[in-house]
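Student: Sequence and predicted structure below; questions after.
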Protein chains: 2
Amino acid sequence: MDPRLRCEAAFRNDRFRAGTAWEDGLYGGRPTGFAGNGRASHIWKGTGASRETTGEEDNSMNIIRVNMTDLTVKTEAVPEAWRTLGGRALTSTIVAAEVPPTCHPLGPNNKLVFAPGMLSGTPAANSGRMSVGGKSPLTYGIKESNAGGTTAQQFAKLGIQALIIEGRPREEKWYRLHVDRAGVSIHEESAVIGMQNFAVIEEMEKRFGDKVGIMTIGVPGEERLAMANISVKDPDHKIRSHGRGGMGAVMGAKKIKCITVDGTGAGKVDIADPDKFKAAARVFAKALLDHPVSGQGLPTYGTNILVNILHEAGGLPTKNFRYGQCDHHDKISGETMYETIVARKGHPKHGCHAGCLIQCSQVYNDKDGHYLTSGFEYETIWGLGADCLIEDLDDVATCDSIMDDIGVDSIEGVVAMGVVMEAGIIPWGDGKGAIRLLREEVGKATPLGRIIGNGTGSVGQAFGLTRVPVVKNQGIPAYDPRSVKGIGITYATSTMGADHTSGYCIATNILKVGGYVDPLGKEGQVELSRNLQIGTAVIDSTGMCVFVAFPMLDLPECAAALNDMVGARYGIEMDAEKAADLGKRILKLEHEFNLAAGMNHAADRLPEFFSLEQVPPHNAIWDFSDAEIDAFWNF
Amino acid sequence: MDPRLRCEAAFRNDRFRAGTAWEDGLYGGRPTGFAGNGRASHIWKGTGASRETTGEEDNSMNIIRVNMTDLTVKTEAVPEAWRTLGGRALTSTIVAAEVPPTCHPLGPNNKLVFAPGMLSGTPAANSGRMSVGGKSPLTYGIKESNAGGTTAQQFAKLGIQALIIEGRPREEKWYRLHVDRAGVSIHEESAVIGMQNFAVIEEMEKRFGDKVGIMTIGVPGEERLAMANISVKDPDHKIRSHGRGGMGAVMGAKKIKCITVDGTGAGKVDIADPDKFKAAARVFAKALLDHPVSGQGLPTYGTNILVNILHEAGGLPTKNFRYGQCDHHDKISGETMYETIVARKGHPKHGCHAGCLIQCSQVYNDKDGHYLTSGFEYETIWGLGADCLIEDLDDVATCDSIMDDIGVDSIEGVVAMGVVMEAGIIPWGDGKGAIRLLREEVGKATPLGRIIGNGTGSVGQAFGLTRVPVVKNQGIPAYDPRSVKGIGITYATSTMGADHTSGYCIATNILKVGGYVDPLGKEGQVELSRNLQIGTAVIDSTGMCVFVAFPMLDLPECAAALNDMVGARYGIEMDAEKAADLGKRILKLEHEFNLAAGMNHAADRLPEFFSLEQVPPHNAIWDFSDAEIDAFWNF
């Protein structure tokens, strides 16, 4: 079977047209999924009201505060209001409660909050993601960025519900935090300062053994560039990233080069109702494997399956968002990538954390069969391949590997690179030039590297350009909002800045998961984006990756199983309505933070050029009125 | 008499304590100044309501629209609503009415509006200033920047009430606009592209004779850097600047290198009541000469008289706003400058436009007695001398001359240079380094030059710093807001971003003009700033320089004379109350524009470090609450 056909088969079978869960209003409409177990009243509101739970209390979880001004560590009991929160729900709650919205993101009043998901550390499939929150030095709004890797499950098992890093050292010294069964300790660090990520991992594994969990920043993070990410060692000693929004710069501002995590002797995460949990976990895992996207498409081709799909839909932004299709799409497609990986004896399947069933990652080898990169995502390949017109997938993979190594967001990096080419710094399609800019300029924080390393908006500003694809100063990823209008609403309204994962309307606009909303029409897009953003805020809180939304949207038993796992974990009632309430509450408190930080409705806008220039092949334009966009917040 | 003593005498005699006009509420309280002539109902509201005027109509004024997309020019009659507007009142009215607040400032939907003041072209003293308005690429809010020079009076006499430049060329070509009795024409331009300002002036004077009026941009303007100004030839073929807010980048975005103005055969500005005008003009001129600040202090020492005064007050920001006093203040003071100018046979007095009585400019020669710079202002000297710790006044003068030549705002340039030193790019006090950075990096738009050339906020962002003195991304000038709190309120609330001229509380906090409000207390500062901002919005509309406020605040007959001149010019009634109404209306429409552009109350804040760090010698801190600041807009 031709891989291209295989791809189409995976994404276009009739099941995608049914859209049961979506049409039933899983995320905010008529609640059907996330069925509650009827055992306890929910306490999501954080009012501290007494609970009627019959399950066991989980007394082992703590909040740990590290104050980098005083260099002190404090362990606190989890406030009742936070007891059942994890991931994004917890980081955003803490940031909204404790960070002054107008503070400087690199100053002492910003906080860097790490929180494993609600289900992290449990046997639930795909639950090993950690959320990092704070005020973003890229968007100047609230930020949550989650990633797989090796630390979320360790944190949870070590009883750390949240690690809150506050203050800023008075002296120009660097530090490492060490997390283990004894708690968190602060250590002066000099050996790895100035090193990039892979070297840091190597050095830390030398010191602490190869099982050590690591979160680290490269030189761009040390230099507080706004596209610096926090990189996490994955189970294969490679890198996953808390990519978006510059959380690495916040870590750099707090003078923390890396956090090492030794899970030796860690306990287990308490589960209030183990039997119920086990049953639900089984249903959930089966649904992940059964659904054609999470069980078949993503494991085979990775996210890069999307190149051909978006090209065909006319929504593949090309040459800095000039066109919606890319002539050389076949050279960079998931199908080509799959064949290349197989021919070079790499691995098409690879998980970002223990317990991942989807395995959308891969190991991509170079021409000589040596490891080149992994976690090689559609958005990165789109950005360099289509948006920058680089035709050589190996050049793209090399850039991906460098971005992992130096620790910059590979979405912000590639969107910025499109604007770099727009500015004429290197020619369109110059893969070797992009490699050089990333390694020699961004990686070394030269003046040009600082311009690029501060993101897409920074490049646009420096070179006085107007074709600058950002919302709230965060680069717009991989899907043209004119020809896939649902994602345009997500880009405009997301509290995170332009962020496809925060309300992945591609699912319903293009992949026909959870029903179908015509991508070129305006009808239904605001509601679609709103419902997906509400649902995603919940998923981001569970420690699950966003891809669990595919089976959740199509298979009602999958959403119910996630509800049941959360309910069983904490001994609370959880159903679709309560989940939706939680999602709404998260979005609203994030939105309030952003308003208080200075972003009013005018920040919920796409760049002007999307309203001035049509994009072929559909000659689509961004045509939502301000009032239509602002209606997003009517909930 | 020792010059220092002379300075103190000028600023500290008892007359400053009387504060008659201020205490009588000239600007918004109990109206006393701007007495009306009772001849006609005022039409400031722009309702187009019929007027009962008995004066002659002024039918010769026009609005000229230049469309750079189509390369067309259109002459329009002045709408009745705009008939009595000029300067800032007119530019802000047009920008608010015609520019979409969320447009890209460098895109086709921004407009660049030139408007001479209401009194420009009349015999009124000090009335030769032109306003330039648009959406700022520095603040992303509304902007008005006014300057003297040679073009405001020519525009007025040529019957141009406003020149509105719209659109953006489709091709990569450069143009020059030519303004003369026949109207405005568009000409392709190549000879001077890539040239800096003095070379452009030389070339244009070769082409059109030495009387030609010129507005031009240097390379930073061509490259659309956000600190690029629009430079204007002054009567001595030197340069004045529409400095703040990057209007030169907007001109560059519209691909206009320069505007040449040939006033040959221009008419006279119609005055409805010549006798009344003449009488009022005489009173006004006498008041300017009588007041110790405008008649004595400024003409002798220029604005740089302020170095010693602010040092003494503890409000002279030093080493990027670390301290309020500068050890080497004597080396850079107005008194030292005066002696140097006299010794080198320069000119302590110099006017920026024909008809200026204050003559606060000067000609500063180098050691060999050759011209080095003019229009050598306190803010520039403060920034390089105290904020950057450059002790050699000749180095400071050389930087000033380069900033004139390359066409960048000398306030934004020097505040940014303080942050450049904070970042460690060059050492503190390195005058030769500053000269090199301005000439070789900013002037040539290298990557580092682009970082600096995009302003203080850009440098802070690029280098991940938190001591970044900006409000609304515009650099904070010359007066520490912690130890002179009135000016802090102006910085926080001004629609223009941090801008001392928009509500010069130094007058009353430090110079005791218009009464006295303790600079270190919070009491009365919001009201002071509000009243001054309202009054200044009016002055900025008349074509007058802001220094006429000194006699206006202290001498009731001066304010009344300005009212009478405006009334007599248009044949309308003008009094203090109507003037205050106009000022309020200007501020409110600017504020509305900024809100719609995305700036809410959180944009009206000083940078966080002013609230975290005390400034010696008073150990003052910025301690206004959000609510206290926001009360500014209660009018």
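Tutor: Ah, there it is.
Student: contacts and neighbour counts: CA atoms only from here.
Tutor: OK.
Student: Nearest to chain B within the stretch 101-250 of chain A, name that residue for me.
Tutor: In the stretch 101-250 of chain A, the residue that lies nearest chain B is A:Arg224 (5.0 Å; CA to the nearest CA).
Student: residues in contact with stretch A:378-387?
Tutor: A:302-307, A:316-321, A:326, A:328-329, A:332, A:390-393, A:396-397, A:400, A:410-411, A:414-415, A:417-418, A:429, A:431, A:477-478 (CA atoms under 8 Å, 6 or more residues apart in numbering or on different chains).
Student: just the buried members of these?
Tutor: Neighbour counting with 16 or more other CA atoms under 10 Å in any protein chain shown marks A:302-307, A:316-321, A:326, A:329, A:332, A:390-393, A:396-397, A:400, A:410-411, A:414-415, A:417-418, A:429, A:431, A:477-478 as buried within the contacts of stretch A:378-387.
Student: And the helices in the stretch 451-600 of chain A, which stretches?
Tutor: Taking DSSP state H, counting those that start in this stretch as the criterion, the stretch 451-600 of chain A carries its helices at A:456-462, A:485-493, A:506-509, A:525-542, A:549-554, A:556-570, A:576-597.
Student: in the next helix or strand after the longest one, what counts as buried?
Tutor: Scanning the chain past helix A:576-597 towards its C-terminal end, the next helix or strand to appear is helix A:609-612 (assignment: DSSP states H and E). If you call a residue buried by 16+ other CA under 10 Å, then helix A:609-612 has these buried ones: A:609-610.
Student: if you average pLDDT over helix A:609-612, what comes out?
Tutor: Averaged over helix A:609-612, pLDDT sits at 98.
Student: and it, how far from the chain's centre?
Tutor: Relative to its chain's centre, helix A:609-612 lies at 27 Å (CA atoms, centre = their mean, to the nearest Å).
Student: what is the mean pLDDT for the very next helix or strand once past that helix?
Tutor: Next in sequence after helix A:609-612, counting helices and strands by DSSP H and E, comes helix A:626-630. The average pLDDT within helix A:626-630 is 98.
Student: What pLDDT does the model give the residue of the stretch 101-250 of chain A closest to chain B?
Tutor: 98.
Student: next one: A:Thr260
Tutor: The predicted local confidence for A:Thr260 is 98.
Student: what's the closest of the helices of the stretch 451-600 of chain A to B:Thr264?
Tutor: Closest to B:Thr264 of the helices of the stretch 451-600 of chain A is helix A:456-462 (CA to CA; 40.6 Å).
Student: picking that back up, could you export the helices of the stretch 451-600 of chain A as JSON lines, including mean neighbour count and distance to chain B?
Tutor: What follows is the helices of the stretch 451-600 of chain A, written out as JSON lines (neighbours: other CA atoms under 10 Å in any protein chain shown; distance: least, CA to the nearest CA, whole Å):
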{"stretch": "helix A:456-462", "mean neighbour count": "26", "distance to chain B": "5"}
{"stretch": "helix A:485-493", "mean neighbour count": "31", "distance to chain B": "13"}
{"stretch": "helix A:506-509", "mean neighbour count": "25", "distance to chain B": "27"}
{"stretch": "helix A:525-542", "mean neighbour count": "26", "distance to chain B": "21"}
{"stretch": "helix A:549-554", "mean neighbour count": "26", "distance to chain B": "33"}
{"stretch": "helix A:556-570", "mean neighbour count": "26", "distance to chain B": "38"}
{"stretch": "helix A:576-597", "mean neighbour count": "22", "distance to chain B": "6"}
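Student: sorry, back to before: let's see which of the buried ones among the contacts of stretch A:378-387 end up in strands.
Tutor: Among the buried ones among the contacts of stretch A:378-387, no member falls in strands (DSSP state E).
Student: got the residue ranges for the strands in the stretch 151-300 of chain A?
Tutor: Along the stretch 151-300 of chain A, counting by DSSP state E, counting those that start in this stretch, strands occupy A:160-166, A:175-180, A:183-188, A:213-216, A:230-233, A:239-242, A:256-261.
Student: Need these in a markdown table (columns: distance to chain B and mean neighbour count).
Tutor: Shown next, in a markdown table, are those (distance: least, CA to the nearest CA, whole Å; neighbours: other CA atoms under 10 Å in any protein chain shown):
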| stretch | distance to chain B | mean neighbour count |
| --- | --- | --- |
| strand A:160-166 | 15 | 25 |
| strand A:175-180 | 18 | 20 |
| strand A:183-188 | 22 | 16 |
| strand A:213-216 | 18 | 27 |
| strand A:230-233 | 16 | 30 |
| strand A:239-242 | 19 | 28 |
| strand A:256-261 | 15 | 26 |
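Student: Those: which one's closest to A:Ala125?
Tutor: strand A:239-242 (18.0 Å).
Student: and the closest one, average pLDDT?
Tutor: 96.
Student: same thing with stretch A:78-89?
Tutor: Mean per-residue pLDDT for stretch A:78-89: 97.
Student: who's in contact with it?
Tutor: Contacts to stretch A:78-89, defined as CA under 8 Å, 6+ apart, come from residues A:43-48, A:61-63, A:90, A:114-118, A:129-133, A:144-146, A:161, A:537-538, A:540-543, A:570, A:582, A:586.
Student: One more: stretch A:490-502?
Tutor: Contacting residues not belonging to stretch A:490-502 are listed as A:139, A:141-144, A:245, A:470-477, A:481, A:487, A:503-505, A:529-530, A:532-533, A:536-537, A:546, A:587, A:590-591, A:594, A:603-606, A:629, A:632 [CA under 8 Å, 6+ apart].
Student: switch to 6 Å and redo it
Tutor: A:143, A:471-472, A:474, A:476, A:503, A:529, A:533, A:591, A:604-606 (CA atoms under 6 Å, 6 or more residues apart in numbering or on different chains).
Student: With stretch A:591-600 instead?
Tutor: By CA under 6 Å, 6+ apart, stretch A:591-600 touches A:101-102, A:141, A:495, B:598, B:600, B:602-603.
Student: near chain B, which residues of chain A show up?
Tutor: Residues of chain A lying near chain B by CA under 6 Å from any CA of the partner chain: A:224, A:447-448, A:450, A:462, A:464, A:597-598, A:600, A:602-603.
Student: circling back to that earlier point, now for the contacts of stretch A:591-600: which two are most distant?
Tutor: A:Thr495 and B:Ala603 (18.1 Å).
Student: Looking at those two, which is more packed in?
Tutor: Higher neighbour count among A:Thr495 and B:Ala603: A:Thr495, with 29 against 23, using other CA atoms under 10 Å in any protein chain shown.
Student: quick one: the more buried one from chain B, how far?
Tutor: 15 Å (CA to the nearest CA, to the nearest Å).
Student: distance of that residue from A:Arg244?
Tutor: Distance of A:Thr495 to A:Arg244, computed by CA to CA, to the nearest Å: 13 Å.
Student: what distance separates stretch A:148-168 from the centre of its chain?
Tutor: Using CA atoms, centre = their mean, the offset of stretch A:148-168 from its chain centre is 17 Å.
Student: Check stretch A:135-149 too.
Tutor: With CA atoms, centre = their mean, you get 9 Å for stretch A:135-149.
Student: So for that stretch, mean pLDDT?
Tutor: Here the average pLDDT along stretch A:135-149 is 97.
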